[in-house]
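# sequence and predicted structure, then a few things I'm wondering about:
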Amino acid sequence: MNNLLQLKGRFEQKKAPKPTIIYNIPAGKEVNTSHLNKLKEDLIKVRDYWQDDSEKVLNNPLVSIKYNRIIAKSNRVKKLLMPSINQESVIVGARFEGENIKKHIITHCISIAVIEKSIEVLEKCIKIVNESYAGRITKDNIDKINRNKKLWKRKDIARTTFTGVISDAYYVEGFFVDLDKPSCEGDVIITIYETGQKTQEILEKLKINFRPENIIDNTTIFLKQEEYDIIKTKAPYLISMSVSDISELKFDDFDFDAEKTISIPSPNNEPVIGVIDTLFDENVYFSEWVKKERRIPEEIPTSSDDYNHGTAVTSIIVDGPSFNPQLEDGCGRFRVRHFEVATKGKNSSFSIMREIKKIVQENRDIKVWNLSLGSENEINPNFVSPEAYILDQIQYENDVIFIVAGTNKNGKDKEIKKIGAPADSINSLVVNSVDFNNKPASYSRRGPVLSFFNKPDVSYYGGDKGSAIRTCTGTGERLVVGTSFAAPWITRKVAYLIHKIGFSREIAKALIIDSATGWEKIDDPSYIVGYGVVPRNIRDIINSDDDEIKFVISGKSEEYNTYNHSIPVPKNNNRHPYFVKVTLCYFPKCVRNQGVDYTATEFDLHFGKLKDGKISPINGNVQSVEGLYYLSEANARKEYRKWDNVKQISETIKKKSPGKTVCNNGLWGLEIKTKERLKKKYGGGIAFGIVITLKEINGVNRIEDFIYQCSFNNWIVNRIDIENRIDVYATAEEEIEFEE
């Protein structure tokens, strides 16, 4: 097998070109005065609602826009409902409507004056379309207006305002105030729209007691049911998202087996993994390897059943291969810091979220965290759960990674069931379960998240009927099945890659996902298995076949275009005899208030040979190619995973392929184009990890040629030799005693 290679080189940074904004509508389309009148009447109703609102809770109204499709940022309204500031500053939420044909609904917070201005502008546009274009205006008409700027003689409305309103109107289906909100039973975690007002001020206006300890962030709060009902009755428009606070944690099936005696040496300086789970029973053979901390209030009663799940999960992380030899992964043993945050059954999501934030802040030396707790309730298609958001926020702000179980359905669930919180965390590595034949486990639940994000990420062996996983608890060996026991095996592998090999979390996540993918083109990864099943042994994740060159590259995005055009893909007879596979991972800022538009930063990946000074992407990516192609937002998301923080490109292996023609001396290029959703830019300084695999068409091993050519193109190449890395790790962790 070939060693994995680590390439270190310089990425250049280039600022984004200043965009030229020309308002228009698609070819062959039109906007008529009937539609413009409908939009005007919608806004009049919205204005009247807010003027008649007796509660006067908000200083500025909320207005929702229903678009006629999944809308790209570039096609959102720019002249209607827009104050004299950038549009992002007024957008406070987004969701989808519809099943087969999804449409964006985006909520704005603006002033009554802006609504009045939009009504006035629409009236002027209606008059112009009626008088000058017989009630219907086309793209050709707007082209003439744009080309002949001097011919625009009107004084009552600017040329760009008119064309901008027509462009807005084409994509907008209607305006309304969103008053339809769900009922919730019991205590509730609610997120209100970000309106610029303090949450305390809003609650006091509604006669609801403000308690600082019940605030998760600026807009997410914990409420009693009667308090939620007050908001739902008096000010339903405030509610962006709401979920029941009490989560029925679904735990996995246990069974007893004969006790077996297992021993373990004392720990030395093995890496420490964080586990957040139920209680840990110290009456196990490996208890010396575990330091536990109780985070459940002492007044909450516990029973012996509360120790089983957490102890079983931790047993796999510490010493799983000792009692599951068929799953020997070559990762060794790990120490665990085990945090007890839940009991079996019903728990407060609010309390668990609050504790997780504290735990990570107080244990900054831990880089890898296992979370095998999950809700019985299905995720919402229009917003990420509060639990998942907390994990995403933690991972954006800290150099840590969570491995999260994909949650299970019980035997009573006959229909396919969506995953439960916090498996909808976008930044986390979410793990589902397969049986030993690599088939989805009978208890599998499915994604996607927000109707788009691929979750779970990968799958692993979590047992199923007749093929359980062995674990250890305080009462002896137990046979178990569930995603709770698939996730710890992936946690071990991630910890090995980060602590023992020395990779970043971005590279570690990319390697795990890349190892699960084959060479077939993945148009739509399975929403049950994810990108595939991760290999059992860590060597199969790190190393590659003799006819493959696998290398990793790390970097940071500082400007719009982060690029390197000097990757020397080997050539033979003026051809590149390779199929190519690329996996990119990064940890973006996530904004829960934005609903389905959850990730704030997009990394648009381009990799391919250089041709005429430009990259020819292996997947034909036409995003960011100005003026040549029209690509709808829906297709950009489907074909190129736009806004997804995992990009996976794989060429399909074809027999008798001639390879790729050599251009530009055989050099290939890599570009990451950073795009932002919001006015505030979050992409600067975000790290990324990329795994690239070149598979030789004729089975020839050309890795030495690749390494040789890299040295001529300013790359430093490190061979990742597992034995050497382990020796380096062991030496670095040795305690040195100085003589007095």
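Perfect, thanks for sending it. Numbering: from 1, shown residues only.
# quick one: low-confidence ranges for the protein?
84-89, 246-261, 521-525, 626-630, 727-740 (pLDDT under 70).
# in the chain, which helix is the longest?
When the chain is parsed with DSSP state H, its longest helix is helix 112-133.
# figure out how far stretch 611-626 is from the centre of its chain.
Taking the mean of its C-alpha atoms, stretch 611-626 sits 25 Å from the chain's own mean (C-alpha atoms, centre = their mean, to the nearest Å).
# can I get the CA coordinates of it in PDB?
Extracted in PDB, the C-alpha atoms of stretch 611-626 (Å, rounded to 0.1, in the frame of the first residue of the first chain):
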ATOM      1  CA  LYS A 611      -6.400  25.200 -19.300                       C
ATOM      2  CA  ASP A 612      -5.800  28.600 -20.800                       C
ATOM      3  CA  GLY A 613      -4.800  29.900 -17.300                       C
ATOM      4  CA  LYS A 614      -8.100  28.700 -15.700                       C
ATOM      5  CA  ILE A 615      -9.100  25.600 -13.800                       C
ATOM      6  CA  SER A 616     -11.200  23.000 -15.700                       C
ATOM      7  CA  PRO A 617     -13.100  21.500 -12.800                       C
ATOM      8  CA  ILE A 618     -13.300  17.700 -12.800                       C
ATOM      9  CA  ASN A 619     -17.100  17.900 -12.000                       C
ATOM     10  CA  GLY A 620     -17.800  20.700 -14.500                       C
ATOM     11  CA  ASN A 621     -18.500  23.200 -11.700                       C
ATOM     12  CA  VAL A 622     -19.800  26.400 -13.500                       C
ATOM     13  CA  GLN A 623     -20.500  28.300 -10.300                       C
ATOM     14  CA  SER A 624     -18.600  31.600 -10.200                       C
ATOM     15  CA  VAL A 625     -18.200  31.600 -14.000                       C
ATOM     16  CA  GLU A 626     -19.600  35.100 -14.700                       C
END
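# now the element after the strand or helix carrying Thr314, going C-ward?
For Thr314, the host element (DSSP states H and E) is helix 308-323. As assigned by DSSP H and E, the chain's next helix or strand after helix 308-323 is strand 335-340.
# can you pull the contacts of the spatially most central residue of the chain?
Per C-alpha atoms, centre = their mean, the C-alpha nearest to the average position across the chain is that of Ile426, at 2.7 Å. Neighbour list for Ile426: Val384, Ala388, Asp392, Val449, Phe453, Lys455, Pro588, Cys590, Tyr598, Thr599, Asn645 [criterion: C-beta atoms under 8 Å, 6 or more residues apart in numbering]. No exception for glycine: its C-beta is placed from N, CA and C like everyone else's.
# repeat the analysis, applying 10 Å as the threshold.
The contact partners of Ile426, by C-beta atoms under 10 Å, 6 or more residues apart in numbering, come to 384, 388-389, 391-392, 395-396, 449-450, 453-455, 457, 587-588, 590, 598-599, 643-646.
# now, which of those residues lie within strands?
Val646 (DSSP state E).
# sorry, back to before: and the helix holding Thr314, C-alpha only, in CSV?
Output of helix 308-323 as CSV, limited to C-alpha atoms (Å, rounded to 0.1, in the frame of the first residue of the first chain):
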residue,chain,number,x,y,z
ASN,A,308,-25.9,1.3,31.6
HIS,A,309,-25.9,3.5,28.5
GLY,A,310,-23.1,5.8,29.4
THR,A,311,-20.8,3.1,30.8
ALA,A,312,-21.4,0.9,27.7
VAL,A,313,-20.5,3.8,25.3
THR,A,314,-17.3,4.6,27.3
SER,A,315,-16.3,1.0,27.3
ILE,A,316,-16.0,1.0,23.5
ILE,A,317,-14.0,4.2,23.5
VAL,A,318,-11.5,2.9,26.1
ASP,A,319,-11.1,-0.7,25.0
GLY,A,320,-13.7,-1.7,22.5
PRO,A,321,-11.5,-4.1,20.3
SER,A,322,-10.6,-6.2,23.4
PHE,A,323,-14.2,-7.6,23.5
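# helix, strand, or coil at Glu378?
coil (DSSP: H, G, I helix; E, B strand; the rest coil).
# so it touches Thr407, yeah?
Yes - contact criterion C-beta atoms under 10 Å: Glu378 and Thr407 qualify, at 9.2 Å.
# looking at those two, which one has more neighbours?
Thr407 (32 against 16; other C-beta atoms under 10 Å).
# and that one, its phi and psi?
phi 70, psi 160 (degrees, to the nearest 10).
# same check on Asp464?
Dihedral angles (degrees, to the nearest 10) for Asp464: phi -160, psi -170.
# quick check: it vs Tyr531, distance?
As judged by C-beta to C-beta, to the nearest Å, Asp464 and Tyr531 stand 20 Å apart.
# who's Arg719 bridged to?
Listed beta-bridge partners, Arg719: Leu5 (assigned using DSSP bridges).
# can you pull the contacts of it?
Neighbouring residues of Arg719 by C-beta under 10 Å, 6+ apart: Asn2, Asn3, Leu4, Leu5, Gln6, Ile703, Ile707, Arg725.
# ok, the first one touching Asn701?
Yes - counting by C-beta under 10 Å, a contact exists between Asn2 and Asn701, whose distance comes to 6.9 Å.
# any shared contact partners between these two?
Joint contacts of Asn2 and Asn701 (C-beta under 10 Å, 6+ apart) are Asp545, Asp546, Asp547, Glu548, Ile549.
# check whether the second one really touches Val700, as I assumed.
If I follow you right, that is Asp546. Yes - with contact defined as C-beta under 10 Å, Asp546 counts as touching Val700 (8.9 Å).
# please enumerate the helices of the stretch 251-400 of the chain.
308-323, 349-362, 386-397 (DSSP state H, counting those that start in this stretch).
# so which of those is nearest Ile22?
With distances scored as C-beta to C-beta, the stretch of the helices of the stretch 251-400 of the chain nearest to Ile22 is helix 386-397 (35.3 Å).
# quick one: buried residues of that closest one?
Pro386, Glu387, Ala388, Tyr389, Ile390, Leu391, Asp392, Gln393, Ile394, Gln395, Tyr396 (16 or more other C-beta atoms under 10 Å).
# quick one, strands of the stretch 351-500 of the chain?
For the stretch 351-500 of the chain, strands defined by DSSP state E, counting those that start in this stretch occupy the ranges 368-371, 401-405, 429-434, 458-461, 469-473, 476-481.
# okay, the ones you listed in TSV with distance to Asn214 and mean neighbour count next?
Formatted as TSV, the strands of the stretch 351-500 of the chain follow (distance: least, C-beta to C-beta, whole Å; neighbours: other C-beta atoms under 10 Å):
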stretch	distance to Asn214	mean neighbour count
strand 368-371	23	28
strand 401-405	25	29
strand 429-434	29	29
strand 458-461	36	26
strand 469-473	35	25
strand 476-481	36	20
